[in-house]
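K.L.:
predicted model and sequence below, questions to follow.
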Amino acid sequence: MPKWYCPLEVCKSCILLVYPRGDGGGLEKLIEKRKSEFGADIRKITAPRIDVSSTLIRKRIRDGENISGMVCDEVRAYIEEMGLYK
C-alpha cells in the first residue's frame, strides 16, 4: 500500500479484500498495521489457495502469454482493449 497511487483515497473509498499467499505468515499483523497507517477497512478472504499474483499476470501479458483462468473474461477483455501492461 505505501507504493500505491493515492493510497489514502483508495482506503477511504473502498473495502480492501486481502487474499493470503504462501503460508500467510504475518498477514494478520500486517493487516492491523495497514489499518492503523491508512485508516483502511481491510478484510481477509477465506477461500481455497490459488498461487496467482498481479505481478505474474502483468509479466505474462508483457511476455505475450495467456492469462485465461487467472482473471475473469471481463477483466481480460478490458486489459486487452486498453492495451494494459504491454
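P.N.:
Good, I have the coordinates.

K.L.:
name the residues of the helix or strand Arg43 falls within that are buried.
P.N.:
Secondary structure from DSSP states H and E places Arg43 in strand 41-44. For strand 41-44, the neighbour count (16 or more other C-beta atoms under 10 Å) marks Ile42 as buried. For every residue, glycine as well, the C-beta is placed using N, CA and C.

K.L.:
one more: stretch 50-69?
P.N.:
For stretch 50-69, burial by neighbour count (16+ other C-beta under 10 Å) applies to Ile57, Ile61, Ile67.

K.L.:
list the contacts of that stretch.
P.N.:
Arg21, Met70, Val71, Arg76, Ile79, Leu84, Tyr85, Lys86 (C-beta atoms under 8 Å, 6 or more residues apart in numbering).

K.L.:
of those, which belong to helices?
P.N.:
When DSSP state H defines the helices, the subset of these inside them is Arg76, Ile79.

K.L.:
among the contacts of stretch 50-69, name the buried ones.
P.N.:
Met70, Val71, Arg76, Ile79.

K.L.:
what pairs with the strand holding Arg43, parallel or antiparallel?
P.N.:
In the sheet, strand 41-44 lines up against strand 15-18 (parallel) (DSSP bridges).

K.L.:
the strand holding Arg43: what's the following helix or strand?
P.N.:
With elements assigned by DSSP H and E, the helix or strand that comes after strand 41-44 is helix 54-62.

K.L.:
circling back to that earlier point, for the contacts of stretch 50-69, which one is nearest Ala47?
P.N.:
Checking those against Ala47 by C-beta to C-beta gives Arg21 as the nearest, at 12.0 Å.

K.L.:
so how far is Ile45 from the closest one?
P.N.:
Counting by C-beta to C-beta, to the nearest Å, the gap from Arg21 to Ile45 is 11 Å.

K.L.:
and for Ile61?
P.N.:
Distance from Ile61 to Ile45, by C-beta to C-beta: 24 Å.
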